[in-house]
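K.L.:
below is the sequence, then the predicted model.
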Amino acid sequence: MNVNRIYLVIAFWLSSAVCVLAQPTHSSDWEPPTNRAHPYEKVNMQGIRQPVALAAVNESDVMFERIIWRRIELKEKINQKFYYPGAETPERQSLASVLFNSMQQVSVYDDDYDEPTGPNFKGTPFEGAYTLIAYEDDDFTRPYHNIEDIPIFGVRTSLTGITDSLGRQTFDTLRIEPRDVLSYMLKEVWFFDKKRSQWDVRILGICPEYRIKKSIGERPYENYEQNVWFYFPQARYYLCNKVCYNPHNDLEQWTYDDAFMMRMFNSYIVKESNLQNRMVSEYTKGVDAIIESERIKKELIDFESYLWEY
């Protein structure tokens, strides 16, 4: 009987505590948030995040590597998070806008700017002496020294000229905006690290691509233009501070760096390292090009499987 009475007292005490905790907060305790787009004060971490550090890799530990170039088409539904929004908002920017704005945060192209020594520069953009640098090539050896020379994002771009009877060429110009970027080229290295026993991949570069209509005779066609490459390890400092749309939960904010590191995109291979340095489209067309791309992809997957025995 005493035990039942003890249980009754404990149950009454717990129910009383729950009722007290469940009482609604008085309206006088609530204050309007600074950002009225949300019903609560949202802690904005943009501008102070650091990219997640990757495991160190030594050349002596790498048994095999393969360089791959792949294209991300923004028309695909899974990749549309890189294209939208078309107009910038205080909280969201498209990937192209992020890259463009990052180039202009610090005047890297001023005469008194001390340019970093190559792509292995270890600074951060928040130290006031670093910005995202645009390169002409995917080896990151020829940086643009004048921002007016960068042929993308609102800068006039020379198209194929028309030669007159005197041999002179007259060039048309076109202004490229972030919304004109319809695909991205990634350069990445797949390698096997025997120290960690891991088949890994590292993205080295990203290139926004836009398309220009050209013609051969009377037959028009669209051509991919690749004029600007960004060294991805440098770009991560900016990508990790910009929100990428999460279709599942608005509270759980992804960043563009998260999207690339977790491979949340769809793409197809357009080139692998080869003797003649050819693109897949240079030696095969149509359905055969798709089959060749899948063959290269399957080789990368099978390589890791063949390393293990059960």
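P.N.:
Nice, I can see it.

K.L.:
on contacts alone, who are the packing partners of the one helix or strand residue 233 maps to?
P.N.:
Assessed by DSSP states H and E, residue 233 sits inside helix 232-239. For helix 232-239, the packing partners by 3 or more C-beta pairs under 8 Å, 6 or more residues apart in numbering; DSSP states H and E come out as helix 95-103, strand 198-216, helix 256-261. Quick note: C-beta positions are derived from backbone N, CA and C, even for glycine.

K.L.:
just the C-alphas of stretch 50-69, formatted as CSV.
P.N.:
Output in CSV follows, covering the C-alpha atoms of stretch 50-69 (Å, rounded to 0.1, in the frame of the first residue of the first chain):
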residue,chain,number,x,y,z
GLN,A,50,36.1,28.1,-42.3
PRO,A,51,36.1,25.2,-44.7
VAL,A,52,36.4,21.7,-43.3
ALA,A,53,40.0,20.7,-43.5
LEU,A,54,40.8,17.7,-45.7
ALA,A,55,43.2,14.9,-44.8
ALA,A,56,46.8,15.6,-45.7
VAL,A,57,48.2,13.5,-48.6
ASN,A,58,51.8,12.7,-49.3
GLU,A,59,53.1,11.8,-52.7
SER,A,60,54.8,8.7,-51.4
ASP,A,61,51.4,7.4,-50.2
VAL,A,62,49.6,7.7,-53.5
MET,A,63,49.6,4.5,-55.5
PHE,A,64,47.5,5.6,-58.4
GLU,A,65,45.8,8.8,-59.7
ARG,A,66,43.7,9.9,-62.6
ILE,A,67,42.7,13.4,-63.6
ILE,A,68,39.1,13.9,-64.7
TRP,A,69,37.2,16.8,-66.2
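
K.L.:
show me the contact partners of that stretch.
P.N.:
124, 138, 185-196, 200, 202, 236-237, 239-240, 257, 261, 269-273, 279, 296, 300, 303 (C-beta atoms under 8 Å, 6 or more residues apart in numbering).

K.L.:
can you tell me the average pLDDT over stretch 178-190?
P.N.:
Across stretch 178-190, the average pLDDT comes to 92.

K.L.:
what about the residue nearest to residue 193 when sequence neighbours are not counted, distance to residue 198?
P.N.:
What sits nearest to residue 193 in space, not counting adjacent residues and going by C-beta to C-beta, 6 or more residues apart in numbering, is residue 61, at 5.3 Å. Between residue 61 and residue 198 the distance is 10 Å, computed by C-beta to C-beta, to the nearest Å.

K.L.:
what's the answer for residue 100, then?
P.N.:
When distance is defined by C-beta to C-beta, residue 100 is 35 Å away from residue 198.

K.L.:
could you give the separation between the terminal residues of stretch 245-257?
P.N.:
In stretch 245-257, first residue to last residue: 12 Å (C-alpha to C-alpha, to the nearest Å).

K.L.:
which of the residues in it are buried?
P.N.:
Using 16 or more other C-beta atoms under 10 Å as the test for burial, stretch 245-257 gives 246, 253-257.

K.L.:
which one among these gets closest to residue 49?
P.N.:
residue 255 (7.2 Å; C-beta to C-beta).

K.L.:
thought residue 41 was touching residue 30?
P.N.:
No. Applying C-beta atoms under 8 Å, one finds residue 41 not in contact with residue 30, separated by 10.6 Å.

K.L.:
thinking again about what came up before, who has more neighbours out of residue 100 and residue 198?
P.N.:
residue 100 (24 against 12; other C-beta atoms under 10 Å).

K.L.:
quick check, pLDDT for the more buried one.
P.N.:
83.

K.L.:
measure it to residue 134 for me?
P.N.:
Relative to residue 134, and taking C-beta to C-beta, residue 100 is found at 10 Å.

K.L.:
residue 187 too?
P.N.:
15 Å.

K.L.:
for residue 269, helix, strand, or coil?
P.N.:
Here residue 269 is recorded as strand under DSSP: H, G, I helix; E, B strand; the rest coil.

K.L.:
identify the spatial nearest neighbour of it, chain neighbours not counted.
P.N.:
residue 293 (4.5 Å).

K.L.:
list the contacts for the one you found?
P.N.:
268-270, 280.

K.L.:
on that earlier part again, next SSE after the helix holding residue 233?
P.N.:
Next helix or strand after helix 232-239 toward the C-terminus (DSSP H and E): strand 243-244.

K.L.:
now do that following strand, average pLDDT.
P.N.:
90.

K.L.:
kindly report the same for stretch 287-307.
P.N.:
Averaging pLDDT along stretch 287-307 gives 91.

K.L.:
would you mark the buried spots in that stretch?
P.N.:
So, applying 16+ other C-beta under 10 Å, buried residues of stretch 287-307: 289, 292-293, 296-297.
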